[in-house]
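Q: Return a 3D structure for these sequence lines:
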Amino acid sequence: MNDFRLKFHHLGLATRNRDRAVAFVSLLGYEIGECVFDPLQNVRLTMCTHNTEPAIEVICPGDKKGPIDLLIQRHRDGVIYHPCYETDSLQATLAAWEKLEILAICISPPKPAPLFGGLHVSFYEMPGIGLVEILETASA
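A: Residues are numbered from 1 along each chain as shown. The predicted structure is shown next:
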C-alpha cells in the first residue's frame, strides 16, 4: 500500500467485440473468467488474469444505453480507458487526495459490482490522469 491506500487491480478495456478481445488475451496466456452482466452499469464484464501480467477487464455494452457507449463509438476497435485500484478504505483514499489537493470528480458513486462479489466500485475523473476506478475491498 501507499499513502493513498491503493493497490493496482486491473486495466479496463472497452470493446464491442468481446470474442475478439478475449481470444487475443487468451493467446497471451491470460486465464479467461466468466462473462458477468452488471445491470447497474448495463455492461457485460469478463475478468482476464495472468500470473505475471496486469489483469484486464473486458467491458462490452449491454442491450440498453450504458457508460461505455461513447467510448466505443470513438474507438471502434476498443480502447483501454481506465486503471482500477483497490483500497480497504475509500474514505481514507478520498481524504488523502483532498489533503494533497488532488481533484477527483466522482462520476459514478460506489455501487455493488457483480464481477467482484458485490464489492463496491466507484469512478473518478481526475484532471491530468483520466478516469480511475476504485474497488473497495472492505465494502461487502
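Q: Locate the residue of the protein with the greatest distance from its centre.
A: K99 (24.7 Å; C-alpha atoms, centre = their mean).
Q: separation between it and F24?
A: According to C-beta to C-beta, to the nearest Å, K99 and F24 sit 41 Å apart. For every residue, glycine as well, the C-beta is placed using N, CA and C.
Q: now do P61
A: Distance of P61 to F24, computed by C-beta to C-beta: 19 Å.
Q: Which one's more surrounded, those two?
A: Using other C-beta atoms under 10 Å, the more surrounded residue of P61 and F24 is P61, with 20 against 17.
Q: does A95 sit in a helix or strand, and which one?
A: helix 90-99 (DSSP states H and E).
Q: Outside of that helix itself, list whatever touches it.
A: 3-6, 87, 103-104, 110, 120, 122, 134, 136, 139 (C-beta atoms under 8 Å, 6 or more residues apart in numbering).
Q: Could I have the buried ones of those as ChimeraX selection syntax?
A: In ChimeraX, this line selects whichever of the contacts of helix 90-99 come out buried by 16 or more other C-beta atoms under 10 Å:
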select :4,5,6,87,104,110,120,122,134,136,139
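Q: which one among the contacts of helix 90-99 gets closest to C35?
A: For the contacts of helix 90-99, the closest approach to C35 (C-beta to C-beta) belongs to H120, at 21.1 Å.
Q: in this protein, which spans are helices?
A: 18-27, 69-74, 90-99 (DSSP state H).
Q: Only C-alpha atoms, please: export the second one in PDB.
A: It refers to helix 69-74. What follows is helix 69-74, C-alpha atoms only, in PDB (Å, rounded to 0.1, in the frame of the first residue of the first chain):
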ATOM      1  CA  ASP A  69     -21.300   3.700 -25.500                       C
ATOM      2  CA  LEU A  70     -19.400   6.900 -26.400                       C
ATOM      3  CA  LEU A  71     -16.000   5.300 -25.900                       C
ATOM      4  CA  ILE A  72     -16.700   2.500 -28.400                       C
ATOM      5  CA  GLN A  73     -18.200   5.000 -30.800                       C
ATOM      6  CA  ARG A  74     -15.000   7.000 -30.800                       C
END
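Q: what about that helix, distance to the chain center?
A: Centroid separation for helix 69-74 versus its chain: 16 Å, with C-alpha atoms, centre = their mean, to the nearest Å.
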